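J.: Structure for the following, please:
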Amino acid sequence: MHEDVKKLQELYDQMSAMRDYAYAMFQDVGKLVKGKKLDNPDLVDAGFLLRECEEKLDDWRKDCKAYKTLVGKYLALAVMQDPNNVNDATAEATVKGELASATPDLKSFAEIPHYGSEDFINLMADLGISGEAVDRGLVKVDWKRMKDEVTRRDQEGVPLPSGLGKKYHEYRCTWRRKPRRQTGESV
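T.: Residues are numbered from 1 along each chain as shown. Below is the predicted model of the structure:
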């Protein structure tokens, strides 16, 4: 395992210990509040510090998600471009690490036209939805389902509905933890 990946493991272990410490502290503060042991200035400071902790943890969560997405994108792209894998880019090839496994995934997207535009009306017509339904505001597109439809059509070689713009791909991975008995690790 790369040295920096080992550092991530250490960070995870430290964060787990910090979570246990924080939870115990939150319980203590909760008991003090419910027992009316804190005066108003202490309640103000406790509430402020909890808000700051919440914002800091949310920032950490966002950073972790962004870098997890980056790692997944690069891993999926590398696996799908590997000539040793199955011939098409949609093939699943699970990659195994010491702690987990990852399965690359490719989703296709297309630029979506603005609601009510000529391209939007063409898109709806191509999907069998009447212009009247669009004009009356009866149509609300589920863009996640649209992405799934674009991916399905792309994988099957079926043309995309008219009205959609430029097509592009999202490379990502699904992560699965190995059973702890196999890793011997804390994760």
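J.: And for T69, nearest residue in space, chain neighbours not counted?
T.: Leaving out its chain neighbours, the residue that sits closest to T69 by CB to CB, 6 or more residues apart in numbering is R172, at 6.9 Å. Every C-beta, even on glycine, is put in place using the N, C-alpha and C of the backbone.
J.: what about the one you found, which SS state?
T.: Secondary structure assignment for R172 (DSSP: H, G, I helix; E, B strand; the rest coil): strand.
J.: residues contacting it?
T.: Applying CB atoms under 8 Å, 6 or more residues apart in numbering, we find R172 in contact with 69, 72-73, 76, 104-105, 107.
J.: per-domain residue ranges of this protein.
T.: Following automatic domain parsing, the chain resolves into domains at 3-87, 95-177.
J.: ok, longest helix in this structure?
T.: In the chain, with assignment by DSSP state H, the single longest helix is helix 40-81.
J.: sorry, back to before: turn the domains of the chain into JSON lines, columns for mean pLDDT.
T.: Converted to JSON lines, these look like this (pLDDT from 0 to 100):
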{"stretch": "domain 3-87", "mean pLDDT": "94"}
{"stretch": "domain 95-177", "mean pLDDT": "88"}
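J.: Please identify the most buried of those.
T.: Comparing these by mean neighbour count (mean count of other CB atoms under 10 Å), domain 95-177 ranks first with a mean of 14.
J.: what's the span of that domain, first residue to last?
T.: 12 Å (CA to CA, to the nearest Å).
J.: do stretch 154-172 as well
T.: Taking CA to CA as the measure, stretch 154-172 stretches 17 Å from start to finish.
J.: Can you give the distance of that stretch from its chain's centre?
T.: Distance of stretch 154-172 from the chain centroid (CA atoms, centre = their mean, to the nearest Å) equals 21 Å.
J.: quick one: S108 and D82, what's the gap?
T.: For S108, the distance to D82 (CB to CB, to the nearest Å) stands at 20 Å.
J.: what do you get for V95?
T.: V95 is 10 Å from D82, by CB to CB.
J.: How about K147?
T.: Taking CB to CB, one finds K147 at 25 Å from D82.
J.: circling back: what helices or strands is the longest helix of the chain leaning on?
T.: Taking 3 or more CB pairs under 8 Å, 6 or more residues apart in numbering; DSSP states H and E as contact, the helices and strands that helix 40-81 lies on are helix 3-34, strand 100-110, strand 167-177.
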